[in-house]
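A.B. asks: Provide a 3D model corresponding to the input given below.
(one chain, ligands or ions: 1)
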Amino acid sequence: MNILWISAHPDARSLNGFLTEKGQQYLREAGHSVTTSDLYAMGWNPVVDADSYGHDEAVRLHVATAAKAAHLEDAVAADIRTEQQKLDEADAIILQFPLWWFGMPAILKGWFDRVWHQGYAYGNPGPNGEWVGYGDGFLAGKRAMVVATLGGPEFMYGERGIHGSVDDLLFPLQHGALFYAGAEVLPPFLAFGVDRWTADDADLAAQQLQERLQTITTTQAIPFRTQSSGDYDKFVLRSEVAPEISGLSVHRVSDTGGRR
Ligand SMILES: Cc1cc2nc3c(=O)[nH]c(=O)nc-3n(C[C@H](O)[C@H](O)[C@H](O)COP(=O)(O)O)c2cc1C
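C.D. replies: Residues are numbered from 1 along each chain as shown. Model (predicted):
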């Protein structure tokens with residue numbers, strides 16, 4: 001497989017740098033081809049502006065439509081196009097980052113803001129003019145997996161943990177961006193409580209990450225409900241689907257079997 005590994009950490013000597021190195025090393029040894037976007041090392045510009053889409057600054061910038069127009073005219077900034085070419089060529093995408101303020105570092109958020117623009121990542125109707133998303137899109141047929149390190153311990157990120165459920169914290173990225181774009185989103189690899197780790201803990205995590213990567217082609221994706229599953233009526237979950245569940249987990253087929 002051709003795997004695009006996107007990482008966001010300012011120092012290669014960090015735990016994240018170590019996991020990146022070990023993860024990529026394993027994939028190459030397993031015969032995969034690995035392309036990288038190490039956003040800090042690249043000096044990635046995370047700020048959306050008129051230049052991103054060759055837009056005339058004298059005219060009000062409506063970001064989404066300016067981006068779509070630039071896409072059609074091949075006027076999108078070169079650094080954005082390069083990332084899109086890497087995405088186009090990838091069979092799988094790894095997104096690796098330390099959790100900062102319950103989300104991804106700003107440099108990675110800005111990668112999404114600039115690269116995943118209208119006309120490229122969304123906003124193109126299907127063959128019958130239908131709205132495309134949640135289970136179908138430009139990443140259809142590709143796999144995606146989050147690799148994240150967290151300072152907080154796992155029990156604080158459980159269903160009733162004070163930080164909130166980690167599935168909920170990752171929902172905007174895993175569901176709102178990756179599944180929305182059609183990717184098969186694999187369960188994330190999460191390393192909790194890492195700020196108290198020893199070198200042995202880091203070695204163990206690298207080994208566990210390599211084990212997860214062994215099954216990157218076969219691991220079952222998170223069973224998010226597709227928009228075409230019949231579970232939604234005009235983009236709203238039918239009242240008879242999972243009536244006992246509240247919160248963001250309603251958008252996953254329940255583990256207890258069956259769609260409902
Ligand atoms: C700006 C910043 C914000 C952070 N926010 C969180 C957070 O919201 N939740 C959490 O569990 N840890 C948080 N942490 C801890 C980091 O997740 C942790 O230090 C990191 O995963 C360690 O990986 P590294 O050694 O590769 O930097 C934060 C750290 C920083 C510097």
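
A.B. asks: hey, let's count contacts and neighbours off CA atoms from now on
C.D. replies: Fine.

A.B. asks: near the ligand, which residues of the stretch 151-260 of the chain?
C.D. replies: 151-152, 194-195 (CA under 6 Å from any ligand atom).

A.B. asks: how about the helices in the stretch 51-200 of the chain?
C.D. replies: 63-72, 78-89, 106-115, 166-171, 199-214 (DSSP state H, counting those that start in this stretch).

A.B. asks: kindly reformat those as TSV containing mean neighbour count.
C.D. replies: Below are the helices of the stretch 51-200 of the chain laid out as TSV (neighbours: other CA atoms under 10 Å):
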stretch	mean neighbour count
helix 63-72	19
helix 78-89	15
helix 106-115	19
helix 166-171	17
helix 199-214	15
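
A.B. asks: now render those helices as TSV, adding distance to I222 and mean pLDDT.
C.D. replies: As requested, the helices of the stretch 51-200 of the chain are exported to TSV (distance: least, CA to CA, whole Å; pLDDT from 0 to 100):
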stretch	distance to I222	mean pLDDT
helix 63-72	29	98
helix 78-89	21	98
helix 106-115	21	98
helix 166-171	11	98
helix 199-214	15	98
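
A.B. asks: turn the residues of the stretch 151-260 of the chain next to the ligand into CSV, including distance to L19 and neighbour count.
C.D. replies: What follows is these, written out as CSV (distance: CA to CA, whole Å; neighbours: other CA atoms under 10 Å):
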residue, distance to L19, neighbour count
G151, 15, 15
G152, 18, 16
V194, 12, 17
D195, 14, 12
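
A.B. asks: pLDDT added to these, as JSON lines?
C.D. replies: Listed next are these as JSON lines, based on pLDDT from 0 to 100:
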{"residue": "G151", "pLDDT": "98"}
{"residue": "G152", "pLDDT": "98"}
{"residue": "V194", "pLDDT": "98"}
{"residue": "D195", "pLDDT": "98"}
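
A.B. asks: now D51, nearest residue through space, not along the chain?
C.D. replies: In space, D51 comes closest to A77 once its chain neighbours are excluded; the distance is 7.0 Å by CA to CA, 6 or more residues apart in numbering.

A.B. asks: brain fart, G103
C.D. replies: Closest to G103 by CA to CA, 6+ apart is L169, at 7.0 Å.

A.B. asks: turn the helices of the stretch 51-200 of the chain into a markdown table, columns for distance to V146.
C.D. replies: Listed next are the helices of the stretch 51-200 of the chain as a markdown table, based on distance: least, CA to CA, whole Å:
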| stretch | distance to V146 |
| --- | --- |
| helix 63-72 | 26 |
| helix 78-89 | 15 |
| helix 106-115 | 12 |
| helix 166-171 | 9 |
| helix 199-214 | 11 |
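
A.B. asks: out of those, which gets nearest to A12?
C.D. replies: helix 199-214 (14.2 Å; CA to CA).
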